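Engineer: kindly return the folded structure for what I paste below:
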Amino acid sequence: LRAEKNEDVVNGAHRLTRIEELLEDCFSVLENYTGQMTAHVSWQCPQSNLDIQLSGYKLLVDGKQYGNAMHAGIRTIRLQLGLDQSSYRLSMVAISEKPQGTSGESNVVEALSTPFKPYTFYCYHTVHRQDVKYPAYGCCKYQDSIHYERQCAKKLANQGLLQKEVAPPSCSLLDIFDGEFKPLLSNHS
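Structural biologist: Numbers count the residues shown, from 1 in each chain. Presented below is the predicted three-dimensional model:
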């Protein structure tokens, strides 16, 4: 029985180590997504005028071209947007070899970046400001708290039974039926 118990303890320790490694991997991957929003944009372009040869597309972010023009075979793109703005307006323009063959701006899609800001509920180091979100100065990053959380907590020693009687805290409440203040806890002797 003792050997089985030790084997279970060893297996449990190995599993715990593996879980901690996976958690650390998750936090390192999360670092790549902190401070930016990744948008996957895809589109369809039904060509209304078959006389015009389509040569590519331009992606517009807030009315300005994002990156280089894309060739006609591309139908999806992944872009990285910062979190400094609360929203972005995304649209497309189809282009051709002839300047008069460029289409008008497509329908606009608004991408909200606020939900992608990292959150902090509590600062372990008591040096960061409350209600501050990344990348503003003074906020916690996810990685800031890993080392603190891994520290072993102080073990609370069982003090055993009390050697002497301790009176309950004194607290009075107003009795709504007779309008008098009475103790919340009564002493039992």
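
Engineer: alpha carbons only for contacts and neighbour counts from here, please
Structural biologist: OK.

Engineer: and the helices in this structure?
Structural biologist: Listed in chain order, the helices found in the chain under DSSP state H are 2-33, 146-150.

Engineer: where among the ones you listed is average confidence lowest?
Structural biologist: Lowest mean pLDDT within the helices of the chain: helix 146-150, at a mean of 62.

Engineer: okay, now the domains of the protein?
Structural biologist: Each domain of the chain is listed here as a residue range: 1-33, 36-114, 117-153, per automatic domain parsing.

Engineer: tabulate those (CSV), appending distance to residue 173 and mean neighbour count.
Structural biologist: Output for the domains of the chain, formatted as CSV (distance: least, C-alpha to C-alpha, whole Å; neighbours: other C-alpha atoms under 10 Å):
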stretch, distance to residue 173, mean neighbour count
domain 1-33, 49, 12
domain 36-114, 47, 14
domain 117-153, 35, 13
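
Engineer: just so I know, which of those lies nearest residue 161?
Structural biologist: Nearest to residue 161, of all these, is domain 117-153, at 23.6 Å by C-alpha to C-alpha.

Engineer: phi, psi for residue 86 please.
Structural biologist: phi -80, psi -20 (degrees, to the nearest 10).

Engineer: please tell me I have it right and it contacts residue 110.
Structural biologist: No - Residue 86 is beyond contact range of residue 110, at 10.3 Å (criterion: C-alpha atoms under 8 Å).

Engineer: where does the protein dip in pLDDT?
Structural biologist: 1-5, 31-35, 118-160, 168, 186-189 (pLDDT under 70).

Engineer: any chance you could map the strands in it?
Structural biologist: Counting by DSSP state E, the chain has strands at residues 36-42, 54-61, 64-65, 70-71, 76-82, 87-96, 109-112, 172-174, 181-183.

Engineer: what pairs with the first one, parallel or antiparallel?
Structural biologist: Partners of strand 36-42 in the sheet, by DSSP bridges, are strand 76-82 (antiparallel).

Engineer: quick one: work out the angle between the partner strand and strand 54-61.
Structural biologist: Angle, strand 76-82 to strand 54-61, by axes from the mean of the first three to the mean of the last three C-alpha atoms, to 10 degrees: 20 degrees.
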